[in-house]
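S.K.: Quick one, what's the 3D model for this:
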Amino acid sequence: MENLLVQLRGERTQTEMAEKYGVSQQSWSCWENGARKPPLNIMLRLEKDSGIPMEKIFYKEFNNKK
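M.R.: Sure, this is the predicted structure:
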């Protein structure tokens, strides 16, 4: 199953999404790859912007599954 964060990004680049959320492209990449999860304020913004609960967007991270 494709990462939900990748699906939310759609046609936009990681750089475009990083700029939108005020982070580096490297940070965005780490979130997409599951290496890290974003800070709570970013997760809440992603949740608000997408209408999808952050626990669903970052399912693996919230459920300790890699």
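S.K.: Mind exporting the C-alpha coordinates of the worst-scoring helix or strand of the chain on mean pLDDT to PDB?
M.R.: Lowest by mean pLDDT, DSSP states H and E among the helices and strands of the chain is helix 59-62, with a mean of 81. Output of helix 59-62 as PDB, limited to C-alpha atoms (Å, rounded to 0.1, in the frame of the first residue of the first chain):
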ATOM      1  CA  TYR A  59      -0.600   4.800  10.800                       C
ATOM      2  CA  LYS A  60       2.700   3.000  11.000                       C
ATOM      3  CA  GLU A  61       4.300   5.600  13.300                       C
ATOM      4  CA  PHE A  62       1.300   5.700  15.700                       C
END
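S.K.: name the helices or strands packed onto it?
M.R.: Helix 59-62 sits against no helix or strand, with contacts defined as 3 or more CB pairs under 8 Å, 6 or more residues apart in numbering; DSSP states H and E. For glycine as for every other residue, the C-beta is placed from the backbone atoms N, C-alpha and C.
S.K.: next one: it to chain centre, how far?
M.R.: Relative to the chain's own centre, helix 59-62 is displaced by 11 Å; criterion: CA atoms, centre = their mean, to the nearest Å.
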